[in-house]
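Q: Provide a 3D model corresponding to the input given below.
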Amino acid sequence: MIAKESPLEGMNIGTVDTVAIRELPGLHTIDLRVAPGTSTQAAVAEALGMDLPGKPGQAASGKGEAHALCLAPDWWLIVGFQEAEQHLAPLLLKNHYHFSVVDVSGQRTTIELEGPKVREMLAYLWDQDLREKSFPIASVSQGLMAKAPVIVFRIAPFRYRVMVRSSFALHLWKAMVDAAEEWL
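A: Below is the predicted model:
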């Protein structure tokens, strides 16, 4: 068995009074592909015990820290739900449910940003509009941040999660620390 290692070794810096940057290592993540609006999607959502948002760019919360991020009309990233595959396994045994579920936990790491200055800090690195009316809580977007492909998820008023491929994690971490320098 290959041991999963954190690319940032759980690094953290700053304070939630201004800007805190911390890695959330080991978040269980699965890619879920299912045709939208079908009985299969309804069965999958029921098995997971959480809604699957209908529009790309939206997220829904489940139990604890579990979230379903809609990345495309038929593609969700299920994050923080350790038992997701076990909940879906009975459906995979039935021939009339057609969907794909793949553990992608090793592909990315998550950097969480928290504090009242986070949006200002992100403005140095992210071209997209993060104001409340354009990017409210439970919004998700994909793009480039410091030339690294990322998924940005707004989880709370002053809290964002940035999911980045492990190979880009250290590069992005350094760019974030540099952008937040005045508040650290």
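Q: residue ranges of each domain in the protein, please.
A: 12-26+106-183, 29-103 (automatic domain parsing).
Q: now these as TSV including mean neighbour count, mean pLDDT and distance to residue 6?
A: In short, each C-beta sits where N, CA and C put it, glycine included. Output for those, formatted as TSV (neighbours: other Cβ atoms under 10 Å; pLDDT from 0 to 100; distance: least, Cβ to Cβ, whole Å):
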stretch	mean neighbour count	mean pLDDT	distance to residue 6
domain 12-26+106-183	17	96	4
domain 29-103	16	94	14
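Q: could you dump those domains into a markdown table with distance to residue 5 added?
A: As requested, the domains of the chain are exported to a markdown table (distance: least, Cβ to Cβ, whole Å):
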| stretch | distance to residue 5 |
| --- | --- |
| domain 12-26+106-183 | 9 |
| domain 29-103 | 16 |
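Q: how far does stretch 10-29 sit from its chain's centre?
A: Put simply, stretch 10-29 sits 13 Å off its chain's centre (Cα atoms, centre = their mean, to the nearest Å).
Q: could you identify the helix or strand that succeeds the longest strand belonging to the chain?
A: Longest strand in the chain, counting residues (DSSP state E): strand 148-156. Once the chain leaves strand 148-156, the next helix or strand it forms, by DSSP states H and E, is strand 159-165.
Q: how far does that next one sit from the chain's center?
A: Strand 159-165 sits 6 Å away from the centroid of its parent chain (Cα atoms, centre = their mean).
Q: next structured bit after that strand?
A: Following strand 159-165 in sequence order, the next helix or strand is helix 169-179 (DSSP H and E).
Q: got the angle for that next one vs strand 148-156?
A: Computed by axes from the mean of the first three to the mean of the last three Cα atoms, to 10 degrees, the angle separating helix 169-179 from strand 148-156 equals 60 degrees.
Q: what helices and strands are in contact with helix 169-179?
A: Judged by 3 or more Cβ pairs under 8 Å, 6 or more residues apart in numbering; DSSP states H and E, helix 169-179 is in contact with strand 20-24, strand 108-114, helix 118-123, strand 148-156, strand 159-165.
Q: not counting sequence-adjacent ones, nearest residue to residue 45?
A: Excluding the flanking residues, the one nearest residue 45 by Cβ to Cβ, 6 or more residues apart in numbering is residue 52, at 4.9 Å.
Q: I'd say that neighbour and residue 68 touch.
A: Yes - using Cβ atoms under 8 Å, residue 52 is in contact with residue 68, at 5.3 Å.
Q: overlap in contacts of the two?
A: Counting by Cβ atoms under 8 Å, 6 or more residues apart in numbering, the shared contacts of residue 52 and residue 68 are 32, 60, 76.
Q: who does the closest residue to residue 14 other than its chain neighbours bridge with?
A: Using Cβ to Cβ, 6+ apart and skipping residues adjacent in sequence, the residue nearest residue 14 is residue 20, 4.3 Å away. When assigned by DSSP bridges, residue 20 has beta-bridge partners residue 14, residue 114.
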